[in-house]
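J.: Got a predicted structure plus its sequence, pasted below:
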Amino acid sequence: MPNNLDPEDFYKSPEGFIVFTEKYHLKRGYCCQSGCKHCPYGFDKRTGTIRKK
C-alpha cells in the first residue's frame with residue numbers, strides 16, 4: 001500500500017480488504033483498468049472500455 005495515503009483515500013471492507021475511494025483514484029490521476037468499486041473514470045471491466053462521465 002502506498003505510504004502517502006490520507007484517511008479519506010481508503011476504507012477497509014467487512015472482509016478486511018482495503019478499498020480505495022473515488023477521491024484516491026482522482027488523486028492518482030488515471031484509471032488502472034482493474035474494475036475498481038469506486039472508479040470515477042467509468043471503466044467497464046466487461047467490455048474493457050472507459051465511459052466518460
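T.: Ah, there it is.
J.: C-alpha only now, for contacts and for neighbours.
T.: Will do.
J.: same for the lowest-mean-pLDDT helix or strand in the chain, what does it pack against?
T.: The element with the least model confidence among the helices and strands of the chain, by mean pLDDT, DSSP states H and E, is strand 49-50, at a mean of 90. Contact here means 3 or more Cα pairs under 8 Å, 6 or more residues apart in numbering; DSSP states H and E; on that basis strand 49-50 packs against strand 43-44.
J.: ok, back up a step: need the contact partners of the least confident helix or strand of the chain.
T.: Residues from elsewhere that reach strand 49-50 (Cα atoms under 8 Å, 6 or more residues apart in numbering): Y41, G42, F43, D44.
J.: Next, give me the two most distant ones among those residues.
T.: Greatest spatial distance in the contacts of strand 49-50: Y41 and D44, 9.3 Å, computed using Cα to Cα.
J.: Settle it for me: which of these two has more neighbours?
T.: Neighbour tally, Y41 and D44, criterion other Cα atoms under 10 Å: the higher count belongs to Y41, 19 against 15.
J.: Turn the contacts of strand 49-50 into JSON lines, columns for pLDDT and distance to F20.
T.: Compiled in JSON lines, the contacts of strand 49-50 are given as follows (pLDDT from 0 to 100; distance: Cα to Cα, whole Å):
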{"residue": "Y41", "pLDDT": "94", "distance to F20": "14"}
{"residue": "G42", "pLDDT": "92", "distance to F20": "15"}
{"residue": "F43", "pLDDT": "94", "distance to F20": "15"}
{"residue": "D44", "pLDDT": "90", "distance to F20": "17"}
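J.: Include distance to R51 when you put the residues you listed into TSV, please.
T.: Listed next are the contacts of strand 49-50 as TSV, based on distance: Cα to Cα, whole Å:
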residue	distance to R51
Y41	7
G42	5
F43	6
D44	7
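J.: Just give me the closest of the residues you listed to E22.
T.: Ranked by distance to E22 (Cα to Cα), the contacts of strand 49-50 are led by Y41 at 9.2 Å.
J.: My read is that the closest one contacts S34, right?
T.: No. In this structure, Y41 is not within contact of S34 by Cα atoms under 8 Å, at 11.4 Å.
J.: That's all I had, so thanks and see you.
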